[in-house]
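Asks: Need coordinates for the below:
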Amino acid sequence: MRSLTSRKRWYRASSLKEAIYKAVHPILCQYVGFQEAEVFPHADGTASCKWYLETGPVDNVLTDLKAHWRRLDDQG
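Replies: This next block holds a predicted model:
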């Protein structure tokens, strides 16, 4: 995998985080603040998430959350 600039890594993590927020909202039925989750993209195209919800520990559904990402090459 080609190395990403820090800016592109930030965009990837932010995009993943936003997608995860939208996916878990129907499960939690509550607002999740930016500081309440941390996303860890992995080189194999998966990502894991660690939760710091103000409302307390997360359900097993969220603990076992699996995310996938794919990098598209720039096209001019």
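Asks: and the next element down the chain from the host helix or strand of Ser14?
Replies: Assigning secondary structure by DSSP states H and E places Ser14 in helix 6-28. As assigned by DSSP H and E, the chain's next helix or strand after helix 6-28 is strand 37-41.
Asks: which residues sit against the helix or strand that that following strand is followed by?
Replies: Following strand 37-41 in sequence order, the next helix or strand is strand 46-51 (DSSP H and E). With contacts defined as C-beta atoms under 8 Å, 6 or more residues apart in numbering, strand 46-51 is touched by 16, 20, 36-42, 58, 62-63, 65-69. For the C-beta atoms, the positions are set from N, CA and C on the backbone; glycine is no exception.
Asks: Next, the angle from strand 46-51 to helix 6-28.
Replies: 60 degrees (axes from the mean of the first three to the mean of the last three C-alpha atoms, to 10 degrees).
Asks: For strand 46-51, which strands pair with it and how are they oriented?
Replies: As defined by DSSP bridges, the strand partners of strand 46-51 come to strand 37-41 (antiparallel), strand 67-68 (antiparallel).
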